[in-house]
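> what would the 3D arrangement of this be:
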Amino acid sequence: MREPQASIAARSPVAAARALWAARLVVFVAFFDLFVQYPLAAPYAEWLGAAPALTGFIVASYSIANLAGNIGAGMLLDRFGRARPLVLALLGTALVLAAYTMVRDAYQLIIVRLLHGLAVATLAPGAFALIGDLTAPDERARAMGINGALIAIAAMVAPPLAGVLQDRLGYEPVFLADAALMALAVPVTWLALRRVHAEPAAPSKAERSHSVDRYLTLARRPRLALAYATILTFTVSLGFLVTHLPLAIEVGGGTAAQRGLAFSIYALVAALVMASPLTRYSDRRGRSRPLGLGLLLVGLGLLTLALGLARPALVLGMTSFGLGFGLLFPSASALVVESSAPPERGSAFGLFYALYSIGVIVGATLSGLLASWAGIASPLPFLISGLLSATAGPVILLGTLGGSRDAS
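Below is the predicted model:
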């Protein structure tokens, strides 16, 4: 298979280092933007007059567009390289974020959420593919651990910041601040990547005509299938969490700042896990065990939330959720890098994040429907999503019991 020209960057250590940190900046701002939405999207939709079922669809609409965008982004990244799509996506996302301030009803919000999901779709696959291009095979666990820690830091900072700003200034300043951060990343990323030719060799006509077959081939690879199944299960549970938890806290009399703090608890735990030597465990013992244990802990966290949202249960539940996320995400990302060649890595991560979107769509939609049927205060969404992850985790663990190291 042809190597992308990103390998040229390795001949210039300074340029490679700049490109690597620019990609990490993109990871941070992309997930900062995502986590800003968690405590705001559902309450904002409700504030605009949306019923619980419509609120669930509004939360999911971002992921619906993101799903289509991830698939297209993967092909664009493999065809045109990493730099130009990333810069254009940053600029487009900044513009769409500013458009949130012009929304006047729930149906306008659906349109903006769709545009938002489409605009941001290139950022995570492009940044992760570029980092994979620039990282030596024996450094991938560390690289993905750094990425995961940045994601967790974004998750730790963004929700409470969004909550405090929304409490004091309203919704619009939060979206404008998010847009400003995204806009600031545009020139920084462009300057860092313009001298790094991360352009894959142009595919042949035959390769272009079989783009669907490429995705099917990727999905059939056992190690990629494991990464994809894990991230799908996790994000279904995540969709339940980000839709139901803010509303459940609000109906119980909690503030926006308290909603943000709840998400920060799991982010802090995840950041500590991903920045710790635990990320190297999967290099020695295989990827499957962290994946299975991570899903089990996510499920146990959600089941704890189903017991009630008093402070002890909330802290314990979000801590367990964060520990699970911290274990599974670096291993799943490393599996994608290891199981894909550079000319197809953009597509591999595009499919990874498409499944991420599918999971959130399913979880958010089901959560909204369950809340409409059982009431916003019902623990049913936590119970169902918790059972899903708590069952899937042991299945993965039992499947690798007595197995050999699977990370090679």
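
> longest helix anywhere in the chain?
helix 342-374 (DSSP state H).

> following that one, which helix or strand comes up?
helix 380-399 (DSSP states H and E).

> elements contacting that next one?
helix 222-251, helix 288-306, helix 342-374 (3 or more C-beta pairs under 8 Å, 6 or more residues apart in numbering; DSSP states H and E). All C-beta atoms are positioned from the backbone trio N, CA, C, and that covers glycine.

> quick check: angle from the longest helix of the chain to helix 222-251?
30 degrees (axes from the mean of the first three to the mean of the last three C-alpha atoms, to 10 degrees).

> buried residues, helix 342-374. List them.
For helix 342-374, a neighbour-count test (16 or more other C-beta atoms under 10 Å) marks 342-368, 370-371 as buried.

> equivalent analysis for stretch 162-174, please.
Buried, per 16+ other C-beta under 10 Å, within stretch 162-174: 162-166, 171, 174.

> am I right that residue 60 is in contact with residue 360?
Yes: in this structure, residue 60 is within contact of residue 360 by C-beta atoms under 8 Å, at 6.8 Å.

> now do the shared contacts for those two.
The contact sets of residue 60 and residue 360 overlap at residue 239 (C-beta atoms under 8 Å, 6 or more residues apart in numbering).

> for the stretch 151-300 of the chain, give me the ranges with low pLDDT.
195-212, 281-285 (pLDDT under 70).

> no wait, the stretch 301-408 of the chain
For the stretch 301-408 of the chain (pLDDT under 70), the answer is 400-408.

> report the secondary structure state of residue 49.
What DSSP: H, G, I helix; E, B strand; the rest coil gives for residue 49 is coil.

> helix 380-399 and the longest helix of the chain, what's the angle between them?
Comparing the axes of helix 342-374 and helix 380-399 via the same axes, to 10 degrees yields an angle of 140 degrees.

> isn't residue 230 up against residue 332?
Yes: between residue 230 and residue 332 a contact is recorded at 5.2 Å, counting by C-beta under 8 Å.

> what is in contact with these two at once?
residue 291.

> where do the helices of the stretch 51-200 of the chain begin and end?
For the stretch 51-200 of the chain, the helices defined by DSSP state H, counting those that start in this stretch occupy 52-80, 83-99, 106-119, 123-134, 140-169, 171-193.

> now the shortest one, how far from the centre of its chain.
Translated: helix 123-134. Its chain's average C-alpha position is 13 Å from that of helix 123-134, according to C-alpha atoms, centre = their mean, to the nearest Å.

> that one - what's its average pLDDT?
Along helix 123-134, the predicted local confidence has a mean pLDDT of 87.

> before we move on, what about the second one?
Helix 83-99 shows an average pLDDT of 94 in the prediction.

> show residues contacting it.
Applying C-beta under 8 Å, 6+ apart, the set of residues contacting helix 83-99 is 23, 26, 29, 33, 73, 76-77, 112, 115-116, 119-123, 126-127, 130, 175-176, 178-180, 182-183, 185-186, 189-190, 193-194, 196, 198-199.

> stretch 218-226: end-to-end distance?
Its first and final residues considered, stretch 218-226 spans 11 Å by C-alpha to C-alpha, to the nearest Å.

> so residue 55 sits against residue 243, correct?
Yes: using C-beta under 8 Å, residue 55 is in contact with residue 243, at 7.4 Å.

> which neighbours do these two share?
Listed contacts common to residue 55 and residue 243 are 42, 368; contacts here mean C-beta under 8 Å, 6+ apart.

> over to residue 49: give its phi and psi.
For residue 49, the backbone dihedrals (degrees, to the nearest 10) come out as phi 100, psi 10.

> now it: closest residue in space, sequence neighbours ignored.
In space, and not counting its chain neighbours, residue 49 is closest to residue 106: 5.6 Å by C-beta to C-beta, 6 or more residues apart in numbering.

> surely that neighbour touches residue 45?
Yes: using C-beta under 8 Å, residue 106 is in contact with residue 45, at 5.8 Å.

> who has more neighbours out of these two?
Neighbours per residue (other C-beta atoms under 10 Å) separate residue 106 from residue 45, with residue 45 holding more: 27 against 19.

> show the contacting residues for the more buried one.
Taking C-beta under 8 Å, 6+ apart, one finds 54-55, 58-59, 106, 109 in contact with residue 45.
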